[in-house]
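# sequence plus predicted model, see below.
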Amino acid sequence: MRALRRVLFVVLFGGLGLVLCLGSGGAARAAGLPDTPPAVGPPAALQVPVPQVLHLSDGTPVWLVSRPEVPLVRVVLSLRGGVLDAADPAALGLVSAGLAEGGGGGLDPRAWAEAVAATGAEIHLGVGMVRAWAEVEAVAGQEEAALDLARVALLDPALPGRVLRQAHRQALHAAREAWLSPGHLHEIAIQRTLYGPQHPLGRVLGVAALQSVSPARVRRAWRQLLAATAPAIVVVGDTRAEWILPVLERSLGDLPGAGRAILPVPELGPPVSGPRHVLVDMPGLRRSFLSVLLPVPGAFSAQAPAVDLVNRALAAEFDSRLSRVLREEHGWTYAVSGLLRLWPGHGVLELRCAVDAEHTAVAMQAIQAELDRLVVQPPAGEERAQAQAAVRRDAALDLLANGRLAHRLAVLQAWGQPPDAAQAELRRALDIDDAGLAEVIRRELPVDRALWVITGDRAVVEPQLDAAGLPLDAIRGGRSVVDGADPLPL
């Protein structure tokens, strides 16, 4: 009886669905609508706005993009200088915690937070690799009070001792436990393998570097940055030059370092030439973290947009080549990611995934096979167009919100790039054809010089690699990676 009821249910509702489908089709024909959807036309033109370049009376550059659609204004004040070229990177790296607390100029953090809340604005402060910043988003016409508070918090911060001591304890704890986290350990191993401990990008702030950092050192590192900085401002939103410049003059005029040229980030030396296959041993780890690293042209080079397309076609998109092979065909991994580490003078393309430990060697062979195929079958036609569509998508997302666009322009400022750099990059990415992309791959992607970093269980991984003809050149323990000790014996 129960089986009969199931049959009747399927017949009844299946038939009802068919009637509905036929009915909708008949209604569409009765209304004169086509049975099939129309073809999608070419995408609309996409223009990244080039900001208007202005200056305060003290020489501080201001990049302005007027967008009257939404009555909000985003202002970003950047101070050129960051952890990358700091004299005391361990101390400067803790400044963000104190800045986030707010306060300064006679206001304690609580009073400062209440004053910010009274303006209805949002203020974000921080320190990164090449710049420090204060970002303010306020209702158009009500920016001045929030900018006054942002200036106080950035240029004369309270940096409370209790907050800095807590940040110091957290940083020490993270450094001591880094070797226990496979993902964190893998990232440190990449830094050390690519650059070595003497390179600015190979520097790892471990326990030894952090141990002696005090609140006094943190405040001194911040004063050193302020003394050497060159400020710059980006404004995006519902405003015009004649409205916003007087506000900026009153709130942000006479900044320390104003009038100095914003020097480009200095060219950094290329990765060191070292071992080709490096294993970080984590006994008992049931997954292997794999990264293959290739040297590529650096940031803002003429070839960088083409390399971005290659990255997307290989790994950065969910339906990329490596995702189809490793995820869809073999089921070895959930996802493959592609990352471009681009710096002035050099770059690195990283392809990363995590696979079950017993599939380490075959996954590496499959990845290398796709790299070799890339040279003889570069992305072309629909595949190239799909990568370019992804570039358009990300560029369009940058235009949707004032904050994203302002952040993008502020980063270009801090890197010493011209105002039209984002537009020029997008144009180069969208204009490249099949032949141009193939030429960049042939000349700039040495797939035969790939460097591998594997984090996994040596007892499981090493025999696989030996059998596959992929002998290890260096083996490191988790603690040795974090502490910078020498590799283990082979």
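Cool, the structure landed. Residues are numbered from 1 along each chain as shown.

# CA atoms for contacts and neighbours, from now on please.
Noted.

# I'd like the next helix or strand past the lowest-mean-pLDDT helix or strand in the chain.
Lowest mean confidence among the helices and strands of the chain (mean pLDDT, DSSP states H and E): helix 2-30, at a mean of 45. Sequence order places strand 52-55 as the next helix or strand after helix 2-30, per DSSP states H and E.

# and that next one, average pLDDT?
Strand 52-55 shows a mean pLDDT of 96.

# please apply the same query to stretch 373-385.
Per-residue scores along stretch 373-385 average to 95.

# now the closest residue to Ala304 other than its chain neighbours. Its backbone dihedrals?
Leaving out its chain neighbours, the residue that sits closest to Ala304 by Cα to Cα, 6 or more residues apart in numbering is Pro297, at 6.3 Å. Torsion angles at Pro297 (phi, psi; degrees, to the nearest 10) stand at phi -60, psi 160.

# repeat that for Pro38.
According to degrees, to the nearest 10, Pro38 has phi -70, psi 160.

# below-threshold pLDDT in the stretch 1-150 of the chain: ranges please.
1-34, 40-41, 43 (pLDDT under 70).

# that should have said the stretch 201-350 of the chain, apologies.
264, 272-275.

# now do the helices in it.
Secondary structure of the stretch 201-350 of the chain (DSSP state H, counting those that start in this stretch): helices located at 207-210, 215-228, 241-252, 304-311, 321-322.

# burial count for Ala280?
Actually, residue 280 is Val. It isn't Ala. 27 (other Cα atoms under 10 Å).

# oh sorry, the question was meant for Asp35
11.

# distance of it from Thr60?
60 Å (Cα to Cα, to the nearest Å).

# circling back to that earlier point, list the contacts of the residue nearest to Ala304.
Residues in contact with Pro297 (Cα atoms under 8 Å, 6 or more residues apart in numbering) are 303-304, 307, 342, 345-348, 444.

# of all pairs in these, which one is the farthest apart?
Val307 and Gly345 (14.6 Å; Cα to Cα).

# which of those two has more neighbours?
Val307 (23 against 17).

# that one contacts Gly298, doesn't it?
No - look at Val307 against Gly298 with Cα atoms under 8 Å: they stay out of range, at 9.8 Å.

# quick one on the thing from earlier: please flag which of the contacts of Pro297 sit within strands.
Using DSSP state E to define strands, the subset of these located there is 342, 346-348.

# so which of the residues you listed is the most crowded?
Going by other Cα under 10 Å, Gly347 tops the ones in strands among the contacts of Pro297 with 22 neighbours.

# for it, which residues are in contact?
270, 295-299, 340-341.

# what's the domain layout of this protein?
52-252, 277-483 (automatic domain parsing).

# residue contacts, Leu149?
112, 115-116.

# of the residues you listed, select the buried ones using a ChimeraX command.
The buried subset of these, as determined by 16 or more other Cα atoms under 10 Å, is captured in ChimeraX by this line:
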select :112,115,116
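
# for stretch 148-166, buried residues please.
148-160, 163-165.

# do the same with stretch 268-281
Under 16+ other Cα under 10 Å, the buried positions of stretch 268-281 are 270-271, 276-281.
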